[in-house]
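Trainee: My questions are about this predicted structure, shown below with the sequence.
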Amino acid sequence: MNIVRYRVAGAPDVRIGLHADGEVTELRGVASLAQLWRLPLAELRDRLARPEPGPALPLAQVRLLAPVDATTEVWAAGVTYRISREARIEESERAADVYQLVYDAARPELFFKSAAWRVRGPGQEIGVRADSEVDVPEPELALVVNRFGEIVGYTICDDVSSRTIEGENPLYLPQAKIYFGACALGPWITPVWAVADPYDLAITLEIMRDGGTAWQGAAGTSQLHRRLDDLVGHLMRGDVHPDGVVLSTGTCLVPPAPFSLRDGDAVHITIGSIGTLANTVRRGLPPADET
């Protein structure tokens with residue numbers, strides 16, 4: 001079972017539902033995902049175990065949207081895998097030692113990634129900046145956290161990054177990672193109780209170009225250098241998230257330089273027990289269609 005945010009053809013409203021066995025069933029009385037994240041974990045599980053079902057449709061007949069809404073923010077963690085530390089060191093000419101310090105520090109690197117309205121959903125275009133030469137997708141396990149700091153679900157995040165800009169100066173991180181089209185989530189949210197071991201999930205990345213595979217790789221969350229609850233704990237220390245928060249946990253797959261995304265590429269990220277997030281690439285600003 002997965003929690004979905006979606007639209008039905010010909011209907012203007014956004015709906016929340018449950019996906020299972022190729023079918024999406026609307027959750028009556030639930031107007032937003034944020035409404036669910038205001039519940040303690042035990043209440044959420046009980047609510048979804050005894051849903052008030054509405055209309056059901058085949059998955060192919062609905063349009064899945066980015067699984068984030070209202071004032072739910074997306075945050076991200078960096079340098080949580082050895083490969084991400086090595087990639088940051090490789091791209092940085094002036095401050096490579098900063099990333100070694102972050103990797104070993106007690107306090108993780110955490111940064112704001114996106115507001116809900118800026119997040120791209122399944123099938124939508126992600127963007128790479130026109131003022132950057134080397135740009136990559138970063139496939140990541142993302143945590144869905146309720147207002148009480150409890151992990152309630154998992155989804156997939158593509159933390160699109162401009163390696164050119166970040167490599168020039170670590171202080172350019174916001175320009176390298178926080179812009180329209182730089183964050184995609186989906187295809188849905190898998191409840192935390194449906195994933196046996198979040199530290200044993202396979203992650204694959206495939207980038208397709210001109211009908212073939214331009215780059216592919218595989219890794220897994222077993223290589224994660226940080227504990228998930230520790231990342232959440234640091235995020236919640238000095239902040240509140242009344243509508244919950246999505247926290248992306250860092251990447252274990254980075255295409256090596258000089259590889260860069262191109263206009264028209266297709267990016268497929270698959271995480272075991274969750275699903276596949278697929279997006280196409282637009283150089284420059286993607287269209288600001290409805291999310």
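Mentor: Perfect, I can see it now. For clarity, every value in this text was computed on a predicted model and none was experimentally measured.

Trainee: Mind telling me what element the closest residue to Gly123 other than its chain neighbours is part of?
Mentor: Leaving out its chain neighbours, the residue that sits closest to Gly123 by CB to CB, 6 or more residues apart in numbering is Ala278, at 6.4 Å. For every residue, glycine as well, the C-beta is placed using N, CA and C. Ala278 belongs to strand 275-283 when assigned by DSSP states H and E.

Trainee: re the thing from before, what sits opposite the residue nearest to Gly123 in the beta ladder?
Mentor: As for beta bridges, Ala278 partners with His268 under DSSP bridges.

Trainee: Would you check that it makes contact with His268?
Mentor: Yes: Ala278 lies in contact with His268 (CB atoms under 8 Å); the separation is 4.9 Å.

Trainee: The closest residue to Leu143 other than its chain neighbours - how many residues pack around it?
Mentor: Once flanking residues are discounted, Leu143 sits nearest to Leu247: 4.6 Å by CB to CB, 6+ apart. Neighbours of Leu247 under the rule other CB atoms under 10 Å: 26.

Trainee: Equivalent analysis for Leu231, please.
Mentor: The tally of other residues near Leu231 (other CB under 10 Å) stands at 25.

Trainee: Three-state assignment for it, please.
Mentor: Here Leu231 is recorded as helix under DSSP: H, G, I helix; E, B strand; the rest coil.

Trainee: buried sites along the strand holding Ala278?
Mentor: Residues 275, 277-283 are the ones in strand 275-283 that count as buried (16 or more other CB atoms under 10 Å).

Trainee: Need the contact partners of that strand.
Mentor: 2, 120, 122-128, 130, 156, 158, 181, 184-188, 190, 261-270 (CB atoms under 8 Å, 6 or more residues apart in numbering).

Trainee: then it to CSV, C-alphas only?
Mentor: Output of strand 275-283 as CSV, limited to C-alpha atoms (Å, rounded to 0.1, in the frame of the first residue of the first chain):
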residue,chain,number,x,y,z
GLY,A,275,9.1,2.2,-6.6
THR,A,276,10.5,4.2,-9.5
LEU,A,277,10.6,8.0,-10.0
ALA,A,278,10.9,9.0,-13.7
ASN,A,279,11.5,12.5,-15.0
THR,A,280,12.8,14.2,-18.2
VAL,A,281,15.3,17.0,-18.2
ARG,A,282,14.9,20.6,-19.4
ARG,A,283,17.9,22.9,-19.7
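
Trainee: Strands along the stretch 151-291 of the chain, start to end?
Mentor: 151-159, 161-162, 183-191, 202-209, 212-220, 245-248, 266-271, 275-283 (DSSP state E, counting those that start in this stretch).
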